[in-house]
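[1] need a 3D model of the following:
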Amino acid sequence: MEPFVTVIIPAYNEEKYIRKCLEEWVNQEYPRDRYEILVYDGMSTDGTAKIVKEFERNYPALVSYRINPKRRQVYAFNMGIEEGRGELFVIFGAHAYPERDFLRKSVETFLEVRKREPKLAGVGGRIIKLFENRLAKFVALIYSSPLSGASSFWYEEKPHFAKTVAFALYDRGVAKEIGGFDEDMIVGNDFEFNLRINRNGYRLYFDPGIKSYYYARSTWKGFLKQTFNYGAVKAVAIRKGHFSFLWLFPLAFLGLELLLPFVKSLPWVFLGYWMLTLVEALRLALKRENADALALPPVMFLFHNLISLGFVAGLLFGKKAFR
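    Have a look, this model is predicted:
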């Protein structure tokens with residue numbers, strides 16, 4: 001018999017997207033009596049609650065509408081782990097939707113990989129971005145580059161054990177063993193959760209055959225805020241005992257900029273940096289057939305500086321740095 005799975009979906013003012021999300025979830029290629037969908041509404045002020053309750057009426061044994069009075073998704077994740085009935089659980093976004101074989105493939109991959117790796121804690125798949133505007137498509141180019149420092153699930157195309165996964169299926173027992181999601185991490189909570197899984201000796205697996213779709217919305221204000229938080233998350237993770245030498249790049253980047261007027265050889269270092277970003281821009285422009293990628297060098301420079309500033313703020317102020 002298939003394992004029972006709890007699907008946890010936080011939502012706040014998602015009336016434009018939640019219907020498509022739930023339509024795909026209630027029509028999964030997985031026995032309906034072997035999973036449940038818990039939607040945690042962060043006190044939405046639009047029609048989100050009405051739509052979810054409609055699905056709850058139509059699928060009373062499958063969909064459950066619940067209130068998340070603290071609003072942030074991290075609280076919903078922990079509520080779902082405690083209240084759900086599944087031995088496995090999925091964390092998902094209301095601003096996205098899964099392929100109809102998403103749950104079946106996630107479970108199959110989990111069970112198959114665990115046969116050869118008993119310390120497997122979760123599996124994730126490929127997220128395909130749907131762009132709401134031109135800027136969102138450009139931002140996706142940034143995150144699809146290894147120069148962004150983004151997790152491999154954004155650009156990798158082969159199955160592999162990974163440090164982080166997204167929209168993942170997890171073992172509930174492992175999640176409870178390591179203390180669930182850290183509620184200090186109102187941003188980057190899944191990233192920190194994955195780090196803690198690894199630190200406790202468990203492993204994660206990425207399978208690109210598991211597919212979901214995410215509506216990438218973006219404004220310049222949102223991009224700047226997201227990038228700053230991206231740096232702050234890494235710094236707060238360091239304050240919580242996680243560490244990677246790659247995370248020190250922001251400090252090195254800022255240090256080089258500050259020393260630039262005083263060290264004669266440093267301009268050559270920065271020339272190399274600009275050449276690298278230019279080569280990457282050309283590669284992405286050809287690979288994605290998107291000429292906007294040619295604007296990557298100056299925006300990547302802005303991106304790296306914002307990450308660096310967020311990183312310093314996170315080191316100094318901890319979770320108070322999040323915007």
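
[2] could you give the bridge partners of Tyr214?
    Listed beta-bridge partners, Tyr214: Ala96, Lys129 (assigned using DSSP bridges).

[3] number of residues surrounding it?
    The burial metric for Tyr214, expressed as a neighbour count using other C-beta atoms under 10 Å, is 17. Every residue, glycine included, has its C-beta placed from N, CA and C.

[4] go on, Ala281?
    The number of residues packed around Ala281, counting by other C-beta under 10 Å, is 22.

[5] which residues of the protein fall in helices?
    With helices called from DSSP state H, the chain shows them at 18-26, 48-58, 73-83, 102-116, 134-143, 172-177, 189-199, 220-239, 249-259, 266-288, 296-317.

[6] so which of those helices is nearest Val5?
    helix 102-116 (6.4 Å; C-beta to C-beta).

[7] now the residue nearest to Leu278 when sequence neighbours are not counted: how far from His304?
    In space, and not counting its chain neighbours, Leu278 is closest to Pro297: 5.4 Å by C-beta to C-beta, 6 or more residues apart in numbering. The span separating Pro297 from His304 equals 11 Å under the rule C-beta to C-beta, to the nearest Å.

[8] which one of these two has more residues nearby?
    Residue environment comparison for Pro297 versus His304 gives the larger neighbour count to His304, 22 against 18, counting by other C-beta under 10 Å.

[9] pretty sure the more buried one sits against Phe253.
    Yes: if you go by C-beta atoms under 8 Å, His304 and Phe253 touch, sitting 5.6 Å apart.

[10] picking up where we left off before, closest to Ile9 out of the helices of the chain?
    Ile9 lies closest, by C-beta to C-beta, to one member of those: helix 18-26, at 6.9 Å.

[11] now the closest one - C-alpha only, CSV.
    The C-alpha atoms that make up helix 18-26 are tabulated as CSV, following Å, rounded to 0.1, in the frame of the first residue of the first chain:
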residue,chain,number,x,y,z
ILE,A,18,-4.8,29.0,-5.6
ARG,A,19,-7.6,27.5,-7.8
LYS,A,20,-5.1,26.1,-10.4
CYS,A,21,-2.9,24.9,-7.6
LEU,A,22,-5.7,22.9,-5.9
GLU,A,23,-7.1,21.6,-9.2
GLU,A,24,-3.8,19.9,-9.9
TRP,A,25,-3.5,18.6,-6.4
VAL,A,26,-6.9,17.0,-6.2
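
[12] what's the neighbour count on Arg34?
    Using other C-beta under 10 Å, Arg34 is surrounded by 15 other residues.

[13] tell me the confidence at it?
    pLDDT, the model's per-residue confidence, is 98 for Arg34.

[14] show the pLDDT at the residue lying closest to it once chain neighbours are set aside.
    Nearest residue to Arg34 in three dimensions, chain neighbours excluded: Glu2, at 4.6 Å (C-beta to C-beta, 6+ apart). What the model reports for Glu2 is a pLDDT of 93.

[15] how about Ser151?
    Per-residue pLDDT puts Ser151 at 64.

[16] and for Lys320?
    According to the per-residue confidence, Lys320 scores 88 in pLDDT.

[17] what distance do you get for it to Lys240?
    As for Lys320, its distance to Lys240 is 14 Å (criterion: C-beta to C-beta).

[18] brilliant, that's me finished.
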